[in-house]
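In: All I have is the shape, not the residue letters:
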């Protein structure tokens, strides 16, 4: 077949939507309608392969599938659907997946309307110059506001309201019209089979037998077996073990031409050298002169300590993190030791959802019981000798006398909320050191509030509290803005005059006193009583700013005295006092796990 004719019968598209707007259900209906999957093999959320994705209703890992649609006139079209994560933590992966497409289905829930992540992904799609097909899902719901939401979408994209498609993915209504709209509205891929190979890697996973499986979209040239290829950014060279397409199982074809989406089994043993966004080309003189644009290394934003609750589980935790990293190149970790928690790892995550998912996968898939310390962010500390140090853990914090300035990451956030919650949302955000920027009115009821806020203020409990004050209606989107100088310091907790490094936190000077006080009060309730008094102190540098004592348990040494001279009682009490003093010098206090969780729940009071 002529290459141009073959390319004209291909459509590469993805689905963008807010969490729980029916993206995975729509993908299921498209697979059914095109008969890609036999009805006996069909199950809900077919492309979400992890149990965790099914339970939470969140797509965590991108996936691709090739479908064939026969139109009413008998013409056949190959539809390549690239299913992307919807959560803001994975926005870089989403942007690479969008670059592999020519069009996107924008799916919006008929009862909820446009939300934060919908709009964020629309802007990503517009940046990539994609053709957007607006779709309203769940029109069968009693609370559906179909015409109202169609008006919102028409205003957002500058199209007529009648161009907005109405479907019910659950019931299968309107899916035929949707498939025809994909063929009519989304352009065919461009490119040339004859030119040097350029293939975009938009995701990857690790296979024990075939090495790293790279998901690729061939932009120019052809990908064939028995050829040597090179990753343009990491420099890794490889010879494919297998080349094929997803249907949605891996089906070997031996070749991929320009405009096609598929996979290449690289034989590489680490995901790190096959990164999302890299360009695959030939080696030697046939190599492409320049890589595809937009590649960047994904840097973790949030760091936390992961410790096994049982010391003997440390090797198991190490193996589990190594295996998780094979399928998730954005996960980074390094060994860390703590006086209180012994051996563990400092792990870097893309955001809080990513952290939550990694913790849950460790517990489920590897049967590990892990303790996670309070998340912190990456600070830049400028020393008095001019050196700049990147710090992701309070344990690495230098002596305050050596610090010239501290810079912390700030985020731009957009909060989508009904107007009635505007006051509560603003109060919460300003209390977290947020800086108000502007308000946009979407309609007579919904608004977008724009703020700038330090990342350290939103990593722990901001999202949960935002949902509480808005009764679940507010949604949040955020992007990294810049590093700004801040008056930050390390707040240390001393238990029985010994610093407990896992309880140390980095705080703003203004918040240090009341955070120290609240933490000391919490720990006083959580640390069990000993046979001697245990002082708990919060300290900034050398200065103690808050203190509380856990009272001693006292053995009744006078119980055997049935009278007699008072000096006998005094002698027994003095002996007890001296014994307690000696015990205090050598006594160890065990800090329970609940104490570390107290850091995460400081705002609940």
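Out: Noted; the coordinates are in hand. Treat the numbers as computed from the prediction; the structure is a model and nothing was measured.

In: just for the stretch 1-150 of the chain, where's the confidence low?
Out: Along the stretch 1-150 of the chain, segments meeting pLDDT under 70 span 1-5, 37-62, 85-91, 116-117.

In: At which residues are the helices of the stretch 401-550 of the chain located?
Out: With DSSP state H, counting those that start in this stretch as the definition, the stretch 401-550 of the chain shows helices at residue ranges 422-431, 455-458, 462-469, 509-526.

In: Show me what counts as buried in the first one.
Out: Applying a neighbour-count criterion of 16 or more other CB atoms under 10 Å, the buried positions in helix 422-431 are 422, 424-426, 428-429. From N, CA and C alone the C-beta is placed, and that goes for glycine too.

In: Same question for the third one.
Out: Within helix 462-469, the residues that qualify as buried by neighbour count (16+ other CB under 10 Å) are 462-463, 465-466, 469.

In: so it versus helix 422-431, what angle?
Out: Relative orientation of helix 462-469 versus helix 422-431 (axes from the mean of the first three to the mean of the last three CA atoms, to 10 degrees): 150 degrees.

In: Number the chain from 21, please
Out: Taking 21 as the first residue, the last one we looked at is helix 482-489.

In: what packs against helix 482-489?
Out: Helix 482-489 makes packing contacts with helix 442-451 when contacts are defined by 3 or more CB pairs under 8 Å, 6 or more residues apart in numbering; DSSP states H and E.

In: Let me know the average pLDDT across the helix it packs on.
Out: Helix 442-451 shows a mean pLDDT of 90.

In: OK, contacts around residue 379?
Out: Residue 379 is in contact with 326, 390, 392, counting by CB atoms under 8 Å, 6 or more residues apart in numbering.

In: go again using 10 Å as the cut-off
Out: Residues near residue 379 by CB atoms under 10 Å, 6 or more residues apart in numbering: 324, 326, 367, 369, 388, 390-392.

In: can you tell me which of those lies nearest to residue 84?
Out: Taking CB to CB as the measure, residue 84 lies nearest residue 369 of the contacts of residue 379, at 24.8 Å.

In: Ramachandran angles for the closest residue to that closest one other than its chain neighbours?
Out: Distance criterion CB to CB, 6 or more residues apart in numbering; nearest residue to residue 369, sequence neighbours excluded, is residue 375 at 4.1 Å. Main-chain dihedrals, residue 375, degrees, to the nearest 10: phi -60, psi -40.

In: Show me where the stretch 21-170 of the chain has its strands.
Out: All strands of the stretch 21-170 of the chain, identified by DSSP state E, counting those that start in this stretch, fall at 30-37, 83-90, 96-103, 123-129, 151-157.

In: Figure out which of these is closest to residue 246.
Out: Short answer: strand 83-90, nearest of those by CB to CB, at 23.3 Å.

In: Report the distance from that closest one to the chain centre.
Out: Its chain's C-alpha centre and that of strand 83-90 lie 28 Å apart, by CA atoms, centre = their mean, to the nearest Å.

In: ditto for stretch 31-49
Out: The chain centre lies 19 Å from the centre of stretch 31-49; the measure is CA atoms, centre = their mean.

In: now swap in stretch 549-561 and tell me
Out: 37 Å.

In: What are the buried residues along that stretch?
Out: Buried residues in stretch 549-561, counted by 16+ other CB under 10 Å: 550, 552, 554-560.

In: ok, residue 505 touching residue 474?
Out: No - applying CB atoms under 10 Å, one finds residue 505 not in contact with residue 474, separated by 11.3 Å.

In: pLDDT below threshold where in the protein?
Out: In the chain, residues with pLDDT under 70: 21-25, 57-82, 105-111, 136-137, 316-318, 346-347, 349, 359-360, 574-579, 600-625.

In: now for the helices of the stretch 421-570 of the chain, which one comes closest to residue 278?
Out: Counting by CB to CB, residue 278 lies closest to helix 475-478 out of the helices of the stretch 421-570 of the chain; the figure is 40.9 Å.

In: on contacts alone, who are the packing partners of the closest one?
Out: Applying 3 or more CB pairs under 10 Å, 6 or more residues apart in numbering; DSSP states H and E, one finds that helix 475-478 contacts strand 322-328, strand 396-397, strand 423-438, helix 442-451, helix 482-489, strand 495-505, strand 525-528.

In: Nice, that's everything, thank you.
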